[in-house]
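1. Based on what follows, work out the 3D shape:
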Amino acid sequence: MAGAFFRLKTFSPIAMANADIELSLQLPQNVRNSRVLVLGGTGRVGASTATALSKFCPDLQIAIGGRNRAKGEAIVATLGRNSRFVEVDIENVEMLEAALRDVDLVIHTAGPFQQTEKCTVLEASINTKTAYVDVCDDTNYSQNAKSFKNKAIDANIPAITTAGIYPGVSNVMAAELVRAVRDESKGEPERLRFYYYTVGTGGAGPTILATSFLLLGEEVVAYNKGEKLKLKPYSGMLNIDFGKGIGKRDVFLLNLPEVRTAHDILGVPTVSARFGTAPFFWNWGMLALTNLLPLEYFRDRSKVQNLVQLFDPFVRALDGLVGERVSMRVDLECSNGRSTVGIFSHRRLSQSVGYSTAAFALAVLEGSTQPGVWFPEEPEGIAIEAREVLLRRAAQGTINFVMNKPPWMVETEPKELGLGIYV
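-> Okay, here's the model as predicted:
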């Protein structure tokens, strides 16, 4: 278990640029001998996850699963002697289950997850009794995955859905903020807000582009004092301060799964999530698309794929110029007026999402997750036994990672009330 070999007594602000060594050296022997299959391993998220896993634990046996052998073998060549390529089509159940029988854990990164009706990989994991992690970022898919909880318990396998960077690490950040407030008896959590920002597509290319367009076809679910609201996608702009290295950025409402799960699991009555990107004209473009085209257009995967093909060459060229910074800010407001914030910023989304997903994978391999299907923010000892360890692993290379601080301590331009008092 993770908590058996590393446990923080307190959780204070963290500067994580060079703090990975001790976390990787203390992995138990059973983890170091584990076999992991990364589905979608030839994509940016999957390849980054495999790379992060190999850095955390060079002895891991890592299989890159995908349909493109040339790409897969090129990635294997960068990972070393304990890696291999496995040809897998996740729509071919027989091929999929055969691949899963040879591994201890499968990491499903083969998105986009939007409008995918069946949880094929999760079902195959249950049938083969293989532990499971996915990077789902879609509300409907994640809820469908959750419906397999009892089957996973019967099969005695642990499974975590929405376990990437956002959702994923962001959910755990929110859970830690809520826990700290309740442990300190400093008011009851009343309002939780997730803010996300990336430069361009974060270097993730057509999959992220497709996800962004598909989300424009979903009404936004948010909660206000316990009441469920449905709002227009990419509306409700706010200018949010993401702290050092990022600064103030415009963000817009999107339908993201952590809103529902944080409301239901953490018991916070008011929850929302917003996302923004740069350069600024990408936000303008997304706004224009939502105003010019009906929601139904973005629910048609073939039409969305046409948009991706149209924009992808330009996006790739621009990504090479602007970089791929990423930032998450989680804000919690309490009944006594207290506000507390967590911020997580990294120079490279493609690298950061790999560390984040790998952190969840290691937690499962260590025995940190109970049998069943869980969201990341579910109680410690059920989904993640030691959240602090997971966050430290996920935060490798961050330029700014702080938790449980008042806004004025982390913002670049805090508001001054006067007499040196900031809010």
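2. Sticking with residue 391, tell me its helix or strand.
-> Using DSSP states H and E, residue 391 sits within helix 387-394.
3. Show me what the closest residue to residue 254 other than its chain neighbours is bridged to.
-> With sequence-adjacent residues excluded and distances taken as C-beta to C-beta, 6 or more residues apart in numbering, residue 254 is closest to residue 275, at 4.8 Å. Bear in mind the C-beta positions are built from the backbone N, C-alpha and C, glycine included. With DSSP bridges as the criterion, residue 275 is bridged to residue 196, residue 252.
4. And the helices in the stretch 1-150 of the chain, which stretches?
-> Under the criterion DSSP state H, counting those that start in this stretch, the stretch 1-150 of the chain contains helices at 2-5, 21-25, 29-32, 44-56, 69-79, 93-100, 120-128, 139-146, 149-155.
5. Adding distance to residue 301 and mean neighbour count as columns, could you present those helices in CSV?
-> Shown next, in CSV, are the helices of the stretch 1-150 of the chain (distance: least, C-beta to C-beta, whole Å; neighbours: other C-beta atoms under 10 Å):
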stretch, distance to residue 301, mean neighbour count
helix 2-5, 39, 17
helix 21-25, 39, 11
helix 29-32, 38, 14
helix 44-56, 19, 24
helix 69-79, 23, 16
helix 93-100, 21, 17
helix 120-128, 16, 22
helix 139-146, 14, 21
helix 149-155, 28, 16
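6. out of those, which comes closest to residue 253?
-> With C-beta to C-beta as the measure, helix 139-146 is the member of those nearest residue 253 (13.3 Å).
7. which other helices and strands contact that closest one?
-> helix 257-266 (3 or more C-beta pairs under 8 Å, 6 or more residues apart in numbering; DSSP states H and E).
8. residues in contact with stretch 72-89?
-> By C-beta atoms under 8 Å, 6 or more residues apart in numbering, the surrounding residues in contact with stretch 72-89 are 37, 39, 41-42, 47, 50-51, 54, 58-67, 69, 95-96, 99, 102.
9. what's the burial count for residue 231?
-> The local packing of residue 231 (other C-beta atoms under 10 Å) involves 15 other residues.
10. about what we covered before: can you mark which positions in the helix holding residue 391 are buried?
-> Using 16 or more other C-beta atoms under 10 Å as the test for burial, helix 387-394 gives 387-394.
11. what's the answer for stretch 264-282, then?
-> By neighbour count on 16+ other C-beta under 10 Å, the buried set for stretch 264-282 is 265-266, 268, 270-278, 282.
12. got those residues as CSV, with pLDDT columns?
-> Converted to CSV, the buried residues of stretch 264-282 look like this (pLDDT from 0 to 100):
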residue, pLDDT
265, 97
266, 97
268, 97
270, 98
271, 98
272, 98
273, 97
274, 97
275, 94
276, 91
277, 87
278, 82
282, 76
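13. I'd like the residues you listed laid out as CSV, including distance to residue 186.
-> Formatted as CSV, the buried residues of stretch 264-282 follow (distance: C-beta to C-beta, whole Å):
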residue, distance to residue 186
265, 21
266, 16
268, 15
270, 18
271, 19
272, 22
273, 24
274, 26
275, 29
276, 30
277, 35
278, 35
282, 39
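14. Just the closest of the residues you listed to residue 406, please.
-> The nearest one, if we look at these relative to residue 406 and count by C-beta to C-beta, is residue 268, at 18.3 Å.
15. Run through the residues that contact the residue nearest to the closest one when sequence neighbours are not counted.
-> Sequence neighbours aside, residue 192 is the residue nearest to residue 268 in space, at 4.4 Å (criterion: C-beta to C-beta, 6+ apart). By C-beta under 8 Å, 6+ apart, the residues touching residue 192 are 174, 177-178, 262, 266, 268, 270-271, 330-333.
16. can you tell which of the helices of the stretch 1-150 of the chain is closest to residue 112?
-> Residue 112 lies closest to helix 139-146 among these, at 9.5 Å (C-beta to C-beta).
17. List the contacts of the closest one.
-> With C-beta under 8 Å, 6+ apart as the test, helix 139-146 has contacts from 113-119, 122, 134, 136, 159, 161-162, 167, 218, 221, 255-257, 259-261, 373, 375.
18. Quick check: the residue nearest to residue 303 when sequence neighbours are not counted vs residue 217, distance?
-> Using C-beta to C-beta, 6+ apart and skipping the chain neighbours, the partner closest in space to residue 303 is residue 297 (5.8 Å). Distance, residue 297 to residue 217, by C-beta to C-beta, to the nearest Å: 7 Å.
19. Between the two, which has more neighbouring residues?
-> Shown here are residue 297 and residue 217; by other C-beta under 10 Å, residue 217 has more neighbours (22 against 16).
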